[in-house]
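[1] Model the following, please.
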Amino acid sequence: MEQKIKEMDSEILVPEVFVPYSTSSSEFILGTCFRDGFPSELKPFYPLEKGEKLHLHTLQPGWIDWVDRMEKVKGETWRNVGIYDAIQLSKIDIPSDDDLLYVALCFWSISSNSFHFKFGMMSPTILDISALTRIRPHSEAISTILDIHSSTFSLPKSEKNKKIYYKEFIKVNTEREDVMEDEHFAFLTITTKTLLKNNRQKSDGRRRSKNNGSLRVTMEYSKLAIALAWGRKIALAPFVLSHLYRGCRNLVTREFGTAGGPFWILQLWLQFYFLEYRPLPYDSQNCSTFGMALAQGKLKQNNFQECFKFFYSCPSITPSQFTPFSPEWLRLFFLIVRDLQYGLALGNSSFGKAGVEYYSPNQFARQFGLTQTVPLPPHQSFNASSLDRMIIFNSVNCIQEVDSRFVQLKRKFSVVPFHANPKCTSSFESWWSTYIRKTRTESTEEILDRIIAEEGTKKRRNKDKDERPCKNAKRELVLPVSKPPAQYSAQVLEKAKLEIQKLLMMPLQKLLLLENYSTLVAALPIYAESPDLSIEKARDLEELRKHLPSLLKNFQEAKKQQDEYCKTATKKFMLVTKLVKKLERHSELKYYLVRIDASISNLKAIEEQEMNLKTEISSSEARLEELGSDEFLNSKKHAADSIAAQAETSWADYKQKICF
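    Predicted coordinates for the structure are as follows:
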């Protein structure tokens, strides 16, 4: 390049630093530069030197690029087999809410594959998996694809170590301009692994990105990928659910060490059923799946303590939360207790050992809009024990036997039309409340204090050890051991204390006044910073601050309903009084009409008056009917009185706890 410039005519070069621009005396170009245009002979050297490439031109295609490339050719195939929406969902990097997941799994029962909450059992269902990802809930059973020979396609091998990793995998399969069947198979191999495994490799629980170059690609689910590539309609939802159940079991039994499973689906499930943890904004109307709507929202900032208190004490959820999606056609076969196929590798393979996970929807009937009673425990499974998963299938016959059992159950099954009304029987309430009372003998504060103490002991024990994480290290819970020092002066804290004490003495009705309510809301977080507060009182203050809006909202709603009842009752009383008088007058007129001589001149006027009264009486009776029966009004008043009483009881409880 230097030689080329030396050979150029000096008239086209401007060696000065300040080069006048246009006719202005104050505008300059910064030289050195070319006087006019760019010489064509320098194009091979500038602005890029020969052989040079910007890094952006050397980057390999990422997952989203690969999805977009494949969709142009195979998008219709994905729609036909029911994986299009799941693949689109894989393009979103869903941040892992570790505190929500780990707290929820503290309540997971590995014997029943369900969460044990205070109000009963809940669990992800086949219907849930399908609604969140729109993969097929029924069609061809997974086990029937075992007749496919995996040699139909092959994965490229790394020359270095005979293993291939994600980054190299994409590079090898996108070098061609056209999309070939081998590349589609390779793409679906990654897709199925992500959908079913999605390993949580590290003790901090963070999900590895799909674009992580160190993610190893295996042939674990190659037959499934081949079947999908061929366009076969596979019942993926039950298969994914079994892998989620197994992942939950492994994570719990390994005390939150390394475990694999589609935990991102579990996170979406928790966010959907428990509105307190639903990301915002949430708009299911403009999304193809409920999972897509959740994945596109902003994750709420949760912490371990708050999540634990919620799930430990949550008394129940609303009927609409139990049945967020339950179209009639999706209820088929989701209600049958059965074994779900798990894994595809027969025998003592190093991964994906074929077996079963027990699916028992009778334990969480309310999620289907049915009434929950005491269910039969998990039984008649291929697994020898509800706690162990030691049964490994060594032949196709075992897998076919599982399918055969399900086919027999389907033949006996018939659909009965019903209206969704999620509730539970008195026998279930008695049985479950007894179980909860016997097993939960500690308060949330005692459990959290114990966890904090254990974490402190663990940190002191490991203080002098090597800081490198152990291969099977357990997750460190980040929990505060002590409160930070107060940021307010003693005078400000004392003023807040006196204001709170004064406001706590008020009845709820008076506290509802805007001035009083605003003062209490402002004073609570200030006094909570006081260094001389006991742990119990600080928690009580925080609990009051957190629940104050809902407490006052409930009380206001109850008062509103009570006022409406009083107004309606008053209107009804006045109407009844007027109606009685009109009925009496009407009876008198009818009496006169019967007995009076027809020759009397005012007979016509009396008849008109009688007809008018009859019309007014009919109108009054119609208005009375609109106001409802006494039984209906009394039931509304009883409900409002109950809500107000609960609010008053909670308010009295806070007074007793916090008053100084």
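[2] is it true that residue 333 touches residue 411?
    No. Taking contact to mean CB atoms under 8 Å, the distance of 11.2 Å between residue 333 and residue 411 leaves them out of contact. For the C-beta atoms, the positions are set from N, CA and C on the backbone; glycine is no exception.
[3] Tell me which of those two has more neighbours.
    Neighbour comparison, residue 333 and residue 411: the larger count goes to residue 333, with 17 against 8 (by other CB atoms under 10 Å).
[4] ok, that one to residue 137 distance?
    Taking CB to CB, to the nearest Å as the criterion, residue 333 is separated from residue 137 by 8 Å.
[5] same check, this time on residue 103
    Between residue 103 and residue 137 the distance, using CB to CB, works out to 29 Å.
[6] that older thread, what residues are shared contacts of residue 333 and residue 411?
    Listed contacts common to residue 333 and residue 411 are nil; contacts here mean CB atoms under 8 Å, 6 or more residues apart in numbering.
[7] Paired strands for the helix or strand hosting residue 115, with orientation please.
    Counting by DSSP states H and E, the element that carries residue 115 is strand 114-117. In the sheet containing strand 114-117, the strands it pairs with under DSSP bridges are strand 108-109 (antiparallel), strand 120-122 (antiparallel).
[8] Among the ones you listed, which comes closest to residue 649?
    Ranking the strands paired with strand 114-117 by proximity to residue 649 (CB to CB) places strand 120-122 first, at 24.3 Å.
[9] and the very next helix or strand once past that closest one, C-alpha only, in CSV?
    Stepping forward along the backbone from strand 120-122, the first helix or strand reached (DSSP H and E) is helix 126-133. Output in CSV follows, covering the C-alpha atoms of helix 126-133 (Å, rounded to 0.1, in the frame of the first residue of the first chain):
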residue,chain,number,x,y,z
ILE,A,126,-50.0,-32.9,30.7
LEU,A,127,-52.5,-30.2,30.1
ASP,A,128,-50.2,-27.6,31.6
ILE,A,129,-47.2,-28.7,29.5
SER,A,130,-49.3,-28.5,26.4
ALA,A,131,-50.8,-25.1,27.2
LEU,A,132,-47.5,-23.5,28.1
THR,A,133,-45.6,-24.8,25.0
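[10] returning to what we had before: would you mind finding the most buried of the strands paired with strand 114-117?
    strand 120-122 (a mean of 23; mean count of other CB atoms under 10 Å).
[11] what about that strand, average pLDDT?
    Per-region confidence: strand 120-122 scores 96 on mean pLDDT.
[12] can you list contacts of that strand?
    Under the contact criterion CB under 8 Å, 6+ apart, strand 120-122 has outside partners 109, 112, 114-115, 273, 363-364, 366-367, 372, 424, 428, 432.
[13] I'd like those residues laid out as CSV, including secondary structure, pLDDT and distance to residue 415.
    Compiled in CSV, the contacts of strand 120-122 are given as follows (DSSP: H, G, I helix; E, B strand; the rest coil; pLDDT from 0 to 100; distance: CB to CB, whole Å):
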residue, secondary structure, pLDDT, distance to residue 415
109, strand, 93, 29
112, coil, 91, 25
114, strand, 95, 24
115, strand, 96, 27
273, helix, 94, 25
363, helix, 94, 20
364, helix, 93, 19
366, helix, 92, 18
367, helix, 91, 17
372, strand, 94, 19
424, strand, 92, 22
428, helix, 93, 24
432, helix, 94, 28
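[14] Let me know the closest of those residues to residue 447.
    Of all these, residue 447 sits closest to residue 115, with 16.7 Å by CB to CB.
[15] how about residue 341, phi and psi?
    Note on residue 341: backbone dihedrals following degrees, to the nearest 10 are phi -60, psi 140.
[16] where does the residue lying closest to it once chain neighbours are set aside land on pLDDT?
    In space, not counting the residues next to it along the chain, residue 341 is nearest to residue 142; the distance is 5.1 Å by CB to CB, 6 or more residues apart in numbering. As summarised for this prediction, residue 142 has a pLDDT of 83.
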